[in-house]
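1. Structure for this input, please:
(one chain, ligands or ions: 1)
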Amino acid sequence: MGFLVFCWLIIGVVCAVIAIGKGRSGFGWFILGCIFGPLALLCSAVMSRESRQDERTLKTCPHCAEKVQLQAILCKHCHQPLEEGHPSVAKIKSSAADDWANS
Ligand SMILES: [Zn+2]
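-> Below is the predicted model of the structure:
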(Lines give C-alpha, C1' and ligand atoms only; values in the text may rest on other atoms or scores of the structure.)
Protein backbone atom coordinates (compact mmCIF):
# COMPACT_ATOMS: atom_id res chain seq x y z
CA MET A 1 0.00 0.00 0.00
CA GLY A 2 2.82 2.36 0.95
CA PHE A 3 4.56 1.62 -2.34
CA LEU A 4 1.34 2.38 -4.28
CA VAL A 5 1.00 5.78 -2.54
CA PHE A 6 4.66 6.47 -3.31
CA CYS A 7 4.08 5.67 -7.01
CA TRP A 8 1.03 7.99 -7.07
CA LEU A 9 3.12 10.81 -5.54
CA ILE A 10 5.87 10.25 -8.15
CA ILE A 11 3.24 10.48 -10.92
CA GLY A 12 2.00 13.72 -9.31
CA VAL A 13 5.53 15.15 -9.38
CA VAL A 14 6.03 14.09 -13.02
CA CYS A 15 2.70 15.72 -13.96
CA ALA A 16 3.79 18.91 -12.17
CA VAL A 17 7.15 18.94 -14.00
CA ILE A 18 5.41 18.49 -17.40
CA ALA A 19 2.86 21.19 -16.50
CA ILE A 20 5.52 23.69 -15.36
CA GLY A 21 7.45 23.00 -18.56
CA LYS A 22 4.32 24.06 -20.46
CA GLY A 23 3.74 27.18 -18.32
CA ARG A 24 0.73 25.61 -16.60
CA SER A 25 -0.06 25.28 -12.90
CA GLY A 26 2.46 22.84 -11.41
CA PHE A 27 0.58 22.54 -8.11
CA GLY A 28 -2.74 21.92 -9.86
CA TRP A 29 -1.26 19.16 -12.00
CA PHE A 30 0.50 17.67 -8.95
CA ILE A 31 -2.92 17.36 -7.27
CA LEU A 32 -4.46 15.92 -10.47
CA GLY A 33 -1.59 13.44 -10.72
CA CYS A 34 -2.09 12.35 -7.10
CA ILE A 35 -5.84 11.86 -7.66
CA PHE A 36 -5.95 10.33 -11.14
CA GLY A 37 -2.46 8.79 -11.31
CA PRO A 38 -1.42 7.54 -14.75
CA LEU A 39 -4.55 9.04 -16.34
CA ALA A 40 -3.47 12.56 -15.35
CA LEU A 41 0.04 11.79 -16.56
CA LEU A 42 -1.37 10.81 -19.96
CA CYS A 43 -3.55 13.96 -20.08
CA SER A 44 -0.66 16.27 -19.23
CA ALA A 45 1.51 14.66 -21.93
CA VAL A 46 -1.19 14.89 -24.62
CA MET A 47 -2.28 18.40 -23.69
CA SER A 48 1.23 19.78 -23.68
CA ARG A 49 1.81 18.40 -27.17
CA GLU A 50 -1.37 19.98 -28.55
CA SER A 51 -0.60 23.32 -26.95
CA ARG A 52 2.88 23.39 -28.47
CA GLN A 53 1.34 22.67 -31.88
CA ASP A 54 -1.08 25.59 -31.40
CA GLU A 55 1.82 27.95 -30.82
CA ARG A 56 3.38 26.85 -34.11
CA THR A 57 0.22 26.90 -36.28
CA LEU A 58 -1.86 29.69 -34.74
CA LYS A 59 -1.49 33.44 -34.36
CA THR A 60 -3.56 36.02 -32.52
CA CYS A 61 -5.83 38.33 -34.51
CA PRO A 62 -4.88 41.99 -33.77
CA HIS A 63 -8.53 43.05 -34.12
CA CYS A 64 -10.41 40.60 -31.90
CA ALA A 65 -7.55 38.74 -30.12
CA GLU A 66 -8.91 35.33 -31.18
CA LYS A 67 -6.57 32.53 -32.33
CA VAL A 68 -6.47 32.05 -36.12
CA GLN A 69 -4.36 29.90 -38.45
CA LEU A 70 -0.87 31.23 -39.16
CA GLN A 71 -1.56 31.18 -42.92
CA ALA A 72 -4.91 33.00 -42.61
CA ILE A 73 -5.21 36.37 -44.36
CA LEU A 74 -8.72 37.07 -43.07
CA CYS A 75 -9.82 36.52 -39.46
CA LYS A 76 -12.57 33.85 -39.25
CA HIS A 77 -14.01 35.52 -36.14
CA CYS A 78 -14.20 39.23 -37.07
CA HIS A 79 -13.51 38.97 -40.86
CA GLN A 80 -10.84 41.67 -40.67
CA PRO A 81 -7.77 41.34 -42.95
CA LEU A 82 -4.75 40.09 -41.02
CA GLU A 83 -2.14 41.07 -43.61
CA GLU A 84 -2.63 44.52 -45.12
CA GLY A 85 -1.33 44.71 -48.68
CA HIS A 86 -1.68 40.96 -49.28
CA PRO A 87 -2.94 40.54 -52.88
CA SER A 88 -5.73 38.18 -51.79
CA VAL A 89 -6.94 40.69 -49.20
CA ALA A 90 -7.05 43.47 -51.79
CA LYS A 91 -8.99 41.12 -54.11
CA ILE A 92 -11.46 40.20 -51.38
CA LYS A 93 -11.89 43.85 -50.45
CA SER A 94 -12.49 44.96 -54.05
CA SER A 95 -14.93 42.10 -54.75
CA ALA A 96 -16.80 42.98 -51.56
CA ALA A 97 -16.94 46.59 -52.73
CA ASP A 98 -18.24 45.39 -56.12
CA ASP A 99 -20.93 43.32 -54.43
CA TRP A 100 -21.93 46.35 -52.38
CA ALA A 101 -21.96 48.59 -55.49
CA ASN A 102 -24.03 46.09 -57.50
CA SER A 103 -26.64 45.53 -54.80
ZN1 LIG B 1 -10.36 38.81 -35.57
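2. just checking, residue 59 is part of a strand?
-> Yes. Counting by DSSP: H, G, I helix; E, B strand; the rest coil, one finds residue 59 located in a strand.
3. and it, what is it in contact with?
-> 67, 68, 69, 70, 72, 82 (CB atoms under 8 Å, 6 or more residues apart in numbering). Glycine gets a C-beta too; all of them are placed from N, C-alpha and C.
4. Over to residue 65?
-> Taking CB under 8 Å, 6+ apart, we find residue 65 in contact with no residue.
5. And it, how close does it get to the ion?
-> Going from residue 65 to the ion by CB to the ion, to the nearest Å gives 7 Å.
6. Can you tell me which of the contacts of residue 59 is closest to residue 35?
-> When the contacts of residue 59 are ranked by distance to residue 35 (CB to CB), residue 67 comes first, at 29.9 Å.
7. Dig out what that closest one forms beta bridges with.
-> Beta bridges link residue 67 to residue 60, judged by DSSP bridges.
8. If you tally nearby residues, what's the number for residue 12?
-> 22 (other CB atoms under 10 Å).
9. For the remainder of this discussion, apply numbering that starts at 11.
-> All right, first residue 11 from here; so that's residue 22.
10. Now for the nearest residue to residue 57 once chain neighbours are set aside, how many residues are close by?
-> Closest residue to residue 57 apart from its sequence neighbours, by CB to CB, 6 or more residues apart in numbering: residue 32 at 7.6 Å. Residues contacting residue 32 under the criterion other CB under 10 Å number 16.
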